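Student: Give me coordinates for this.
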Amino acid sequence: MSHAPKFSLAALVTVFIVIFTAACGNGGNNASDAGAGSSEPGNVTASPSDSPSADSAGASKGPIKVTFWHSMGGDLQKVVDQMVQDFNSSHPDIQVEAVYQGSYDESLNKLKATMGSKDGPSIVQVYEIGTRFMIDSKAITPVQDFVDRENYDLTQLEPNITGYYSIGGRLYSMPFNTSNPILYYNKDVFKQAGLDPEKPPRTYDEVAQAAEKISKSTKVKGASFAIYGWFMEQFFANQGVDYVNNGNGREAPATTSNVADEAGVKTLTWWKSMLDSGAAINLGRNTADTKKAFIAGQIGMTLDSTAALRSIVDGAQGKFEVGTAFLPKPADAKEGGVVVGGASLWILNNRPAEEQKAAWEFIKFLASPKEQGIWSVNSGYFPITKAAYDEQVVKDNLQKFPQFQTAIDQLHQTKLSTATQGAVMGVFPEARQIVEGAIESVVNNQKTPKQALDDAAKEITGKIQTYNSTVK
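Tutor: The predicted structure is shown next:
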């Protein structure tokens, strides 16, 4: 086991201010959750019982207050607030206050501003892209510390979800909202084009052939995929290929981007060929635009998050039947699968020991089968707990939205490897934007797929090395 390197916190925060400021330009464009990041194992922080920054002198009077920062807005905020209320009602000795902090980028920037002070939260929800920073910051207590202290059974959780947040056998944060991408298709349009609506395409070639048939035999365009870096990351994982070197950055810190690998060139060449033939159309970077076009019946196939399933099915109701299929891959691809997207919950180590323990109690509550069932049904995200599928509310939801079974099967059939665990690098927000720019340059006939990805890999590699230079 390698030890987490020492670093200059001021330098690291400065780098991330630059990275996340750049990322904010795209952070709100895609409704789907996505990203990746983590770090090598090491002595990240002292346990909550012996942390020098934890003021554990004396027991506090009254309920212990736990401040929970999150980024679940709109209807999801109502679900979070109800779960918090339920916890508080059943735990009179602990009172959790949920505070919406805006987007993931906004919340993380607010967290960085509180580091070194006692003004931050007890728990913070951070998307995967921020995982490397959270570990490198030395500001967190790994949840593994609490797991080990009370022999909490991690086998009750989905291994393909906890695997993302585990490095060297240690779980650093607790998954909360989890999704992955699937192919959505219009079954009615498939029938009109002479395609079998019960046999959706599984390979790149099959998708291209189906899109061409739809475009030629109906008034609908065959497909449209948003220019979203998350999709490229997923296409790599589905081919069993690491996105960065050193075991996707999990065996040692990543130093090089692999985006120009054959897996990337093959994917972008296929994507561009469908646009060139007229089988697909480009609607830009915003997944909301492709989703809107799909619901309107203007395109036959699209890619989107599993978290979007409920709104897509509801939106298409009365217009056409929505089909779902696994993320496509080349016919000759190695065994792979999808990387989980979404966010996880982190416990801050500058809070008193009793507050950290109370935060852990709340996190366990959220991970319980009952709460995961409520969360999944009302949010569209996967349950992280296996037994949640036995909850009646989840069974009823699957009856109403049978398309979600595709997402469950895809998650469970994913073989956990460094490729499907997800890449680890500290510059993921910026790297994703660079890849999106590369895709756009190909779509706009400015570069070939190989040239665009070579340039992107070189630029991302430079960003990784700049980040690594802050970790001494």
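
Student: in terms of contact, does Val189 touch Ser217 like I think?
Tutor: No: counting by CB atoms under 8 Å, Val189 does not reach Ser217; the two are 9.4 Å apart. No exception for glycine: its C-beta is placed from N, CA and C like everyone else's.

Student: quick one: low-confidence ranges for this structure?
Tutor: The chain contains residues with pLDDT under 70 at 1-60, 472.

Student: Can you pull the phi and psi angles for the residue most central in space within it?
Tutor: Compute the mean C-alpha point of the chain, and by CA atoms, centre = their mean the closest residue is Gly341, 1.7 Å away. Backbone geometry at Gly341, expressed as degrees, to the nearest 10, gives phi -110, psi 180.

Student: wouldn't it be in contact with Phe176 here?
Tutor: No: the pair Gly341 / Phe176 is not scored as a contact, 11.9 Å apart, by CB under 8 Å.

Student: which residues in the stretch 51-200 of the chain form helices?
Tutor: Using DSSP state H, counting those that start in this stretch, the helices of the stretch 51-200 of the chain run over 75-90, 104-114, 131-136, 143-150, 159-162, 187-192.

Student: what's the third one packed up against?
Tutor: Looking back up the chat, that one is helix 131-136. helix 9-27 (3 or more CB pairs under 8 Å, 6 or more residues apart in numbering; DSSP states H and E).

Student: change it to 7 Å
Tutor: The helices and strands touching helix 131-136, judged by 3 or more CB pairs under 7 Å, 6 or more residues apart in numbering; DSSP states H and E, number zero.

Student: Pull the distance from it to the chain's centre.
Tutor: Taking the mean of its C-alpha atoms, helix 131-136 sits 15 Å from the chain's own mean (CA atoms, centre = their mean, to the nearest Å).

Student: list the buried ones in it?
Tutor: Neighbour-count burial for helix 131-136, with 16 or more other CB atoms under 10 Å as criterion, is recorded at Thr131, Arg132, Phe133, Met134, Ile135, Asp136.

Student: how about that helix as CSV, C-alpha atoms only?
Tutor: Listed next in CSV are the C-alpha coordinates belonging to helix 131-136 (Å, rounded to 0.1, in the frame of the first residue of the first chain):
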residue,chain,number,x,y,z
THR,A,131,-13.1,13.0,-5.2
ARG,A,132,-9.4,13.4,-5.8
PHE,A,133,-9.5,16.9,-4.2
MET,A,134,-11.4,15.7,-1.2
ILE,A,135,-8.8,13.0,-0.5
ASP,A,136,-5.8,15.1,-1.2
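
Student: hmm, back to that, arrange the buried residues of helix 131-136 in a markdown table, one row each, with distance to Ile94 as further columns.
Tutor: Listed next are the buried residues of helix 131-136 as a markdown table, based on distance: CB to CB, whole Å:
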| residue | distance to Ile94 |
| --- | --- |
| Thr131 | 26 |
| Arg132 | 30 |
| Phe133 | 28 |
| Met134 | 23 |
| Ile135 | 26 |
| Asp136 | 30 |
